[in-house]
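S.K.: okay, here's the prediction I keep looking at, along with the sequence it came from:
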Amino acid sequence: MTHLQFKPAWALVALIMGGGFSFFGLGHFFAPAQTNFETAAAMGAQTTDTFGVVDGFLIHCFGSRNAQRCLDGQGRRAPKSAALWLGNSQVHAVNQLQPGQVNAAPLLFSSLRSQGLDLLTFSLPNANLQEHYVMFEYLRQRMPLKVLILPVCFDDMREDGIRAPDVADFAKDPATISVLLRSDIGRRIVKNTSTANSSDFDENTGNETNGIAGTIQERVEKNLNHWLGQHSRLWQTRPEIRGWLFYSVLYPFRNSMLGIKPSTARKMIRGRYSNNRAALEETLRSAGAAGTKVALYIVPLRGGDKIPYDPVEYNNFKLDVQSLADRYGATFQNMENLVPDAAWGTKGSTSLAGDEEVDYMHFSYAGHQLLADALHRLTMNAITKGKQVQP
Amino acid sequence: MIFNSVTYLLYLVLVVSLFWVLPQRPRLWMIFLASLLFYGFWRPEFLVVMLVSAGTDFLVAQKMEACAADKYRWRWLLVSLSINLGLLFYFKYLFFVLDNAVTTLHFLGYQNLQKPVLNIVLPLGISFYTFQTISYSVDVYRKLIPAEKDIILYGCFVTFFPQLVAGPILRGGELLGQLTAKPSFKLELFVSGLQRIIFGLFLKVVLADNIAPLVNSGFDQPVSNLSALDVLTLAFLFGFQIYFDFAGYSHIAIGSARMMRISFPENFNFPYISSSPREFWRRWHISLSSWIRDYLYLPLMGEKVRAQSSDGLAVAASNAAKKGYSPSIALLLTWTIMGFWHGANWTYVMWGLIQGILVVIYRITAPTTASFPLALRQIGGWMITLPLVMLAWIPFRAETVDLALGMYAKLFSANEWTYLGLRENIYLVTAVLLLLTIGTYWVQQLAMPRLTGRIWASFLLHSVVLGLAVSLVFIFLRPINQFIYFQF
């Protein structure tokens, strides 16, 4: 930009023209949009989120932003004992959802209720076991918890960190912190989340003022943002545009350039795996100490020979989870083959090619029915027998 | 006030507008008050510390100028150094010194001593404005500049908002004259300033802030989880983050000043294409390198300074009868102090020492390699310098010396090169940034000069690049992170 070949007035025109076209383009493409591109990229357009409601209260939440609505409903129902199901998007997303259909959570809620057990479900896309550990420690202090239903997914062993605000807020609860501080992985979680200013999370702008937290400028900046958001739809849509850029441009671009497909084998990431394994171990240890039964399962996966993992690593992972379950007395089931091929669907393209792709993680209503039935049996088994269920 | 915010952009529009409509004296008052407002937006109570530091040097300089005898001038300089360095010591180093003293006494058997508990907040930019006011006093002592009599003008020099918090570190001779000159509006400089701000914001909010989570996720891992390639990747990635972050800040500072027709020296010049450690420090944080040279390295060498260095590192001193340290010792001392200037932690001392060792090794080996062909020296030098400079960033980012040493140890174990411990995207992003950084340099060196005379091609390129930068800055502009150098 230092080599000006023309008069400065033209440089100003170049700036105005470039900027003008950019704003026109952004305004044209994005002002009407309000899409969560992260969710869309993770699940595909053919998969729909559903969160069940019973008697006007949520029975299925995603994190701190709506947790109280779930807890209030349970408080109103006043059960003697309850189950907590933590999960990833497989729990709340239904492929090819039809009117009147639901996911497994309300189905399991109904079946467990008939056995005198209330159920709350919490699920986040790509939730890792460190997040589940935090959620468990926070929620178990607020409900009459008898059983923890915990899925373990190889994909999510590749994730790391605690998301703000949905889980980070739980990790800032003093009572939860005191429990987390008893383990190495818990201390690491507390340390890493203490710097995130998630309590100031804004629905529209996120934690966008972390760099000036606690200063006079923070108040001014928030007011300016608010004002700009009120007067400019484009300004308000900036988080969605960022999501679009990452998940609809850079993510497919990367996949196209490197030839990554849903069927491409994902390798284990050693550091992340060991963090999540440590979190799982602490969850099992803590549940055992609190007298909470644990129903642990390997999540259903689209079957066949083409699993998107390294077979050796995946087998070792399953053996590892089973050995932890045995060590801490959890009731374990490998449900990887639970859902037949017919109940799985496809999803939109994750590359620039635009072709439909196989969805390895999210199944249809029929799959959710099978999952709810299997989890009912696993939960009952955890309560009554405390034994391992054979697949 | 942080640059990467709507507040700053609004503030800048107001200040620049007032600058061009007000007459000389009110303009100086406006700059001074606007700069105090800029600083007070962070923690207003620390304005007092800054004003004490600045006021001390204003008075000391008057006294020095009034003294004929060098002996008395020297005493006044000591007063200035004591107060400035005393403030810096209290706010930045007291806890560190006490903590280390107690640890040492524990080691010697005095176990009953308690670790100190001090609640001292580091005033924003104290290391920068302290250096600036010290340089002013030293320059007056050396009779390089006269003591400034106008306290508002002097106040503007110390507090001038574009450079107040993180530089570039300016000398009195560089800024005072420009503040007193009657400015005439020049569209070219105004537009160029605007472009620098856009480019700086792009580096900060689009690149640095989006690299930060990747770097954090890597450095948050226990060392046992990282492979040797992970260590190398994280070193490069942090190297890019801090470059984009700090160069972004400098671009915005230079651009903001230029819109008021005030010229700042350049602070960065493609540091990662350097073919030697010495060249790296002529391209990285140039204003600090030249400050350290003029006010620390040359005095340690026993050189007598005759004039300020103008381009940062030009020779500006000589003393045949010098009585000082040898160049290598002076270099190591200088770099250790420079590392400590960055922060009260042994990790920064380690970083400074590594930089000093690299420069000393280069000085020793340079005569041997001087006979090599130029292309070999440049390409070979770059291939050696880049990874070394990047790896040297590890203690700068690591929280403890143990962690930094643990990361370095990975590099020397064959088994640690056989696996990957980070998410695939981190390697990919690092590789892309490396290519982009080199590519940008070559585009500027080779492609841009070829556009000479092709006005429409040049115009189109400017429109597209600026349009893209403006839209990305619009999308990503938010004060989600401070600038890394704010903590120093």
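M.R.: Yep, it's here. Numbering: from 1, shown residues only, chains lettered A, B, ... in the order given.

S.K.: and the strands in the stretch 151-300 of chain A?
M.R.: Counting by DSSP state E, counting those that start in this stretch, the segments of the stretch 151-300 of chain A that form strands are A:293-298.

S.K.: tell me which parts of it are close to chain B?
M.R.: Residues of the stretch 151-300 of chain A found near chain B (Cβ under 8 Å from any Cβ of the partner chain) are A:158, A:160-161, A:188, A:192, A:205, A:207-212, A:215-217, A:220-221, A:224-225, A:228, A:238, A:241-242, A:245, A:254, A:258, A:267, A:269-272, A:274-275. (Each C-beta comes from the backbone N, C-alpha and C, glycine too.)

S.K.: from these, which land in helices?
M.R.: Here DSSP state H is the test, and those give A:188, A:192, A:216-217, A:220-221, A:224-225, A:228, A:238, A:241-242, A:254, A:258, A:270-272, A:274-275 as lying in helices.

S.K.: ok, residue 330 - how many residues close by?
M.R.: In the absence of a named chain, this looks at chain A. 25 (other Cβ atoms under 10 Å in any protein chain shown).

S.K.: chain B, not that one
M.R.: B:Ala330, neighbours per other Cβ under 10 Å, totals 20.

S.K.: hey, what's A:Thr331 bridged with?
M.R.: On the basis of DSSP bridges, A:Thr331 is bridged to A:Ala295.

S.K.: mind naming the longest helix for chain B?
M.R.: helix B:228-258.

S.K.: then chain A?
M.R.: Chain A, longest helix under DSSP H: helix A:8-30.

S.K.: then that helix to PDB, C-alphas only?
M.R.: What follows is helix A:8-30, C-alpha atoms only, in PDB (Å, rounded to 0.1, in the frame of the first residue of the first chain):
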ATOM      1  CA  PRO A   8      -3.900  10.700  -3.400                       C
ATOM      2  CA  ALA A   9      -7.400  11.700  -4.300                       C
ATOM      3  CA  TRP A  10      -7.700   8.500  -6.400                       C
ATOM      4  CA  ALA A  11      -6.300   6.600  -3.400                       C
ATOM      5  CA  LEU A  12      -9.200   7.900  -1.400                       C
ATOM      6  CA  VAL A  13     -11.600   7.000  -4.200                       C
ATOM      7  CA  ALA A  14     -10.100   3.500  -4.200                       C
ATOM      8  CA  LEU A  15     -10.700   3.200  -0.500                       C
ATOM      9  CA  ILE A  16     -14.300   4.500  -0.800                       C
ATOM     10  CA  MET A  17     -15.000   2.300  -3.800                       C
ATOM     11  CA  GLY A  18     -13.500  -0.900  -2.200                       C
ATOM     12  CA  GLY A  19     -15.200  -0.200   1.100                       C
ATOM     13  CA  GLY A  20     -18.500   0.700  -0.600                       C
ATOM     14  CA  PHE A  21     -18.600  -2.500  -2.700                       C
ATOM     15  CA  SER A  22     -17.800  -4.500   0.400                       C
ATOM     16  CA  PHE A  23     -20.600  -3.100   2.500                       C
ATOM     17  CA  PHE A  24     -23.000  -3.400  -0.400                       C
ATOM     18  CA  GLY A  25     -22.000  -7.100  -0.800                       C
ATOM     19  CA  LEU A  26     -22.200  -7.800   2.900                       C
ATOM     20  CA  GLY A  27     -25.500  -6.000   3.200                       C
ATOM     21  CA  HIS A  28     -27.000  -7.800   0.200                       C
ATOM     22  CA  PHE A  29     -25.900 -11.300   1.300                       C
ATOM     23  CA  PHE A  30     -26.100 -11.100   5.100                       C
END
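
S.K.: now the residue in the stretch 351-488 of chain B that chain A sits nearest to: closest residue in space that isn't a chain neighbour?
M.R.: Here the residue of the stretch 351-488 of chain B nearest chain A is B:Gly467; by Cβ to the nearest Cβ that distance is 2.8 Å. The shortest distance from B:Gly467 to any non-neighbouring residue, by Cβ to Cβ, 6 or more residues apart in numbering or on different chains, is to A:Gly18 (2.8 Å).

S.K.: over to B:Thr180?
M.R.: Nearest one to B:Thr180, counting by Cβ to Cβ, 6+ apart, is B:Leu153 at 6.3 Å.

S.K.: likewise B:Leu386?
M.R.: Closest to B:Leu386 by Cβ to Cβ, 6+ apart is B:Tyr272, at 6.1 Å.

S.K.: neighbours of that neighbour, just the number please.
M.R.: 22.

S.K.: which residues touch it?
M.R.: B:239, B:243, B:386, B:389, B:437-438 (Cβ atoms under 8 Å, 6 or more residues apart in numbering or on different chains).

S.K.: I figured B:Asn84 hits B:Ala54, correct?
M.R.: No. Counting by Cβ atoms under 8 Å, B:Ala54 is not a contact partner of B:Asn84; they are 9.6 Å apart.

S.K.: now for those two: what residues contact both?
M.R.: Joint contacts of B:Asn84 and B:Ala54 (Cβ under 8 Å, 6+ apart) are B:Thr133.

S.K.: dihedrals phi and psi, the nearest residue to B:Ser184 once chain neighbours are set aside?
M.R.: Leaving out its chain neighbours, the residue that sits closest to B:Ser184 by Cβ to Cβ, 6+ apart is B:Arg261, at 7.4 Å. In terms of degrees, to the nearest 10, the main-chain angles of B:Arg261 are phi 60, psi 40.

S.K.: does B:Arg261 touch B:Pro183 like I think?
M.R.: Yes. B:Arg261 lies in contact with B:Pro183 (Cβ under 8 Å); the separation is 4.5 Å.

S.K.: show residues contacting stretch B:405-416.
M.R.: Stretch B:405-416 has contacts (Cβ under 8 Å, 6+ apart) with B:223, B:226-228, B:230-232, B:234, B:391, B:394, B:398.

S.K.: using a markdown table, lay out those together with pLDDT, neighbour count and distance to chain A.
M.R.: Shown next, in a markdown table, are the contacts of stretch B:405-416 (pLDDT from 0 to 100; neighbours: other Cβ atoms under 10 Å in any protein chain shown; distance: Cβ to the nearest Cβ, whole Å):
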| residue | pLDDT | neighbour count | distance to chain A |
| --- | --- | --- | --- |
| B:Val223 | 91 | 20 | 10 |
| B:Leu226 | 92 | 25 | 7 |
| B:Ser227 | 93 | 21 | 8 |
| B:Ala228 | 95 | 21 | 13 |
| B:Asp230 | 95 | 24 | 8 |
| B:Val231 | 97 | 22 | 12 |
| B:Leu232 | 97 | 21 | 15 |
| B:Leu234 | 97 | 27 | 12 |
| B:Leu391 | 97 | 19 | 20 |
| B:Ile394 | 97 | 26 | 17 |
| B:Ala398 | 94 | 23 | 15 |
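
S.K.: for the stretch 101-250 of chain B, just list every one of the helices.
M.R.: B:126-141, B:151-159, B:161-164, B:172-180, B:187-201, B:209-219, B:228-258 (DSSP state H, counting those that start in this stretch).

S.K.: appreciated, that's everything.
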